[in-house]
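K.L.:
here is my input; please provide its structure:
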Amino acid sequence: MDQPWIIRGLSNEHAHLDKGMLVPGIAYTDAPAPVRGGWTRECKSRFTKQDIYQRAEAALQHMLQYGTTYIRTHVDVDPLVGLKGIEALLELKANYSQQVVIDITAFNQEGFERFPETAELLSEALSMGRMGLGGHTLTDSDGEAHISRLFELAEKKDAPWLEFHTDESGKPEHFLLPAIAKESINRGCEGKVYAIHCNSLANVSDGEAQQAIELVVKSGMHVVVCPTAIATRAITRTKELMKAGVRISLGSDNMKDLFNPLGSGNMLNYAQLLAYVQRFYEPAEQQALLNMLLIEPADAGSAERLGRLNIKVAYETNEAHELLAHAPRPSFVRDGSSLISH
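P.N.:
From the prediction side, this is the model:
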């Protein structure tokens, strides 16, 4: 019998633990994204810190059993939920610090125009602990102004990283990936900025896409692909970004909430989905997908914490095609002194 393949675990570079596990407690009804966003706002207005903690912990437990040891999660900050999500996730992060590294990004999901008070709340959140800052290029009518404002706040509060839900509609007229890259270059933020989704990149012309990818490379931006986005829009040009040398990672995105009622927490499932959708079928492509799950955090502080984490995850094989075909649960997790069987 082959020896088990022992690794430090898998990375999930985009999640929403604070909104996870709302379903099946709340019945899911399919509707356009803005409608489901409205329902989510209604839910958020009723969230308590305890409620957020319990649901986030339940989502986290799913991820842990499938071998995830690094998670970067957005946490909504706005007048509806206040700072309750940040408080809950900071507590969860501390309580599970020996099992997983959790990085928090204070997230402006709702925009500055709908809730101007969000700016002050984000500033306060960034004073509560080491965390990144997140925005969304579609939530305000002036996407470029939204981007600039987030960069300014990140500089003022010395946020270690900045993330944007980028061009999620997939429409060419919402194509702001180049604007983020240019802002990153102009402000000297190379290596500290993440673009999540980048759906419009799939639908602009090849020439526009090539120019944007060159800007992304120049800026040192990281791209996070969330394969479940295929439910409503095209996935970004993952292979072209990869061939250009862009650092690409994968995220689970929403998990059992009003944006996505499904989600196993198994990162191999998400990689498998991307393999099917974009035909990552050749051996080197399959290995590249696996490498996206094994990627080290780009933030030096996070990488150091992960390096100190005394957890190892074991699979029965290291063959990428077998792992992607079957998405197996790890056979055990080792904490340095004991084996925890699954």
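
K.L.:
can you give me the end-to-end span of stretch 100-120?
P.N.:
30 Å (CA to CA, to the nearest Å).

K.L.:
make that stretch 92-103, sorry
P.N.:
Stretch 92-103: ends 11 Å apart by CA to CA.

K.L.:
what about that stretch, distance to the chain center?
P.N.:
Mean C-alpha position of stretch 92-103 versus that of the full chain (CA atoms, centre = their mean, to the nearest Å) differs by 16 Å.

K.L.:
equivalent analysis for stretch 310-317, please.
P.N.:
On CA atoms, centre = their mean, the centre of stretch 310-317 falls 23 Å from that of its chain.

K.L.:
now that stretch: buried residues?
P.N.:
Residues Ile311, Lys312, Val313, Ala314, Tyr315, Glu316 are the ones in stretch 310-317 that count as buried (16 or more other CB atoms under 10 Å). In short, each C-beta sits where N, CA and C put it, glycine included.

K.L.:
where does the fourth one fall, secondary structure wise?
P.N.:
Using DSSP states H and E, Ala314 falls within strand 312-315.

K.L.:
looking at that strand now, give me its mean pLDDT.
P.N.:
Average pLDDT, strand 312-315: 93.

K.L.:
run through the neighbouring helices and strands of it.
P.N.:
Under the contact definition 3 or more CB pairs under 8 Å, 6 or more residues apart in numbering; DSSP states H and E, strand 312-315 sits against strand 5-7, strand 332-334.

K.L.:
just these: most buried one?
P.N.:
Of the helices and strands packed on strand 312-315, the one with the most neighbours on average (mean count of other CB atoms under 10 Å) is strand 332-334, at a mean of 18.

K.L.:
thinking again about what came up before, for the strand holding Ala314, which strands pair with it and how are they oriented?
P.N.:
strand 5-7 (antiparallel), strand 332-334 (antiparallel) (DSSP bridges).

K.L.:
what residues does that strand touch?
P.N.:
Applying CB atoms under 8 Å, 6 or more residues apart in numbering, the external contacts of strand 312-315 come out as 4-10, 67, 69, 323, 328, 330-336.

K.L.:
so after it, what's the next helix or strand?
P.N.:
Using DSSP H and E, the helix or strand that follows strand 312-315 in sequence is helix 320-326.

K.L.:
do a quick rundown of the strands in the stretch 51-200 of the chain.
P.N.:
Per DSSP state E, counting those that start in this stretch, the stretch 51-200 of the chain carries strands over the ranges 68-76, 101-107, 132-136, 162-166, 193-197.

K.L.:
point out where the stretch 1-150 of the chain drops to low pLDDT.
P.N.:
Residues of the stretch 1-150 of the chain that meet the criterion pLDDT under 70 lie in 1-3.

K.L.:
all the helices of it, in order from the start?
P.N.:
Listed in chain order, the helices of the stretch 1-150 of the chain (DSSP state H, counting those that start in this stretch) span residues 33-44, 49-65, 84-95, 118-125, 143-157.

K.L.:
the fourth one vs helix 84-95, what angle?
P.N.:
Meaning helix 118-125. 20 degrees (axes from the mean of the first three to the mean of the last three CA atoms, to 10 degrees).
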